[in-house]
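*Asks:* Below are the sequence and a predicted model; questions follow.
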Amino acid sequence: MNKTELISAVAEKAGLSKKDSEKAVNAVIDTIVETMKAGDKVTLVGFGAFEAKERAARIGRNPQNKQEIRIPATRIPVFKAGKALKETIAE
């Protein structure tokens, strides 16, 4: 499912226009991104949690010439599925 299909599904289930559904989906995504960027965690009970984690600097290897390269530290987005979501998917 892509974003357009998600917007259509939300519009159908919520009885909203596609335009209103697009605004709602975009607002949710933007809010999650802004919150993670600020260093906070977004928890949706029963669904899961979104957060940004620090990845430490490390040494890697260039697979073409086996030369060592330094990979800098960075922040990455992480999603951890909630218990209810895991149980629903496993059924």
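*Replies:* Everything's here; your move.
*Asks:* tell me the pLDDT at residue 91?
*Replies:* We have a pLDDT of 84 for residue 91.
*Asks:* Distance of it relative to residue 5?
*Replies:* Counting by C-beta to C-beta, to the nearest Å, the gap from residue 91 to residue 5 is 23 Å. Using the backbone N, CA and C atoms, a C-beta is placed for each residue, glycine as well.
*Asks:* Show me which of these two is the more surrounded one.
*Replies:* Legend: neighbour count by other C-beta atoms under 10 Å for residue 91 and residue 5, higher for residue 5 (9 against 4).
*Asks:* wait, is that one part of a helix?
*Replies:* Yes: Residue 5: assigned to a helix according to DSSP: H, G, I helix; E, B strand; the rest coil.
*Asks:* Mind splitting this structure into its structural domains?
*Replies:* Per automatic domain parsing, the structural domains of the chain span 1-40, 41-91.
*Asks:* now the end-to-end length of the shortest one.
*Replies:* The separation between the terminal residues of domain 1-40, taken as C-alpha to C-alpha, to the nearest Å, is 27 Å.
*Asks:* Also stretch 57-68?
*Replies:* End-to-end distance (C-alpha to C-alpha), stretch 57-68: 13 Å.
*Asks:* buried ones in it?
*Replies:* Neighbour counts over stretch 57-68 (16 or more other C-beta atoms under 10 Å) mark no residue as buried.
*Asks:* same thing with stretch 38-56?
*Replies:* Buried, per 16+ other C-beta under 10 Å, within stretch 38-56: 42, 48, 50-52.
*Asks:* Averaged pLDDT, that stretch. What do you get?
*Replies:* 95.
*Asks:* can you check stretch 17-28 too?
*Replies:* pLDDT averaged over stretch 17-28 gives 96.
*Asks:* Put the alpha carbons of that stretch into PDB.
*Replies:* Only the C-alpha atoms of stretch 17-28 are listed here, as PDB (Å, rounded to 0.1, in the frame of the first residue of the first chain):
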ATOM      1  CA  SER A  17     -13.400  13.300   1.400                       C
ATOM      2  CA  LYS A  18     -10.000  12.300   0.000                       C
ATOM      3  CA  LYS A  19      -8.900  15.900   0.400                       C
ATOM      4  CA  ASP A  20      -9.700  15.900   4.100                       C
ATOM      5  CA  SER A  21      -8.100  12.400   4.500                       C
ATOM      6  CA  GLU A  22      -5.000  13.600   2.800                       C
ATOM      7  CA  LYS A  23      -4.700  16.500   5.200                       C
ATOM      8  CA  ALA A  24      -5.200  14.200   8.200                       C
ATOM      9  CA  VAL A  25      -2.600  11.600   7.000                       C
ATOM     10  CA  ASN A  26      -0.100  14.400   6.200                       C
ATOM     11  CA  ALA A  27      -0.700  16.000   9.600                       C
ATOM     12  CA  VAL A  28      -0.100  12.700  11.400                       C
END
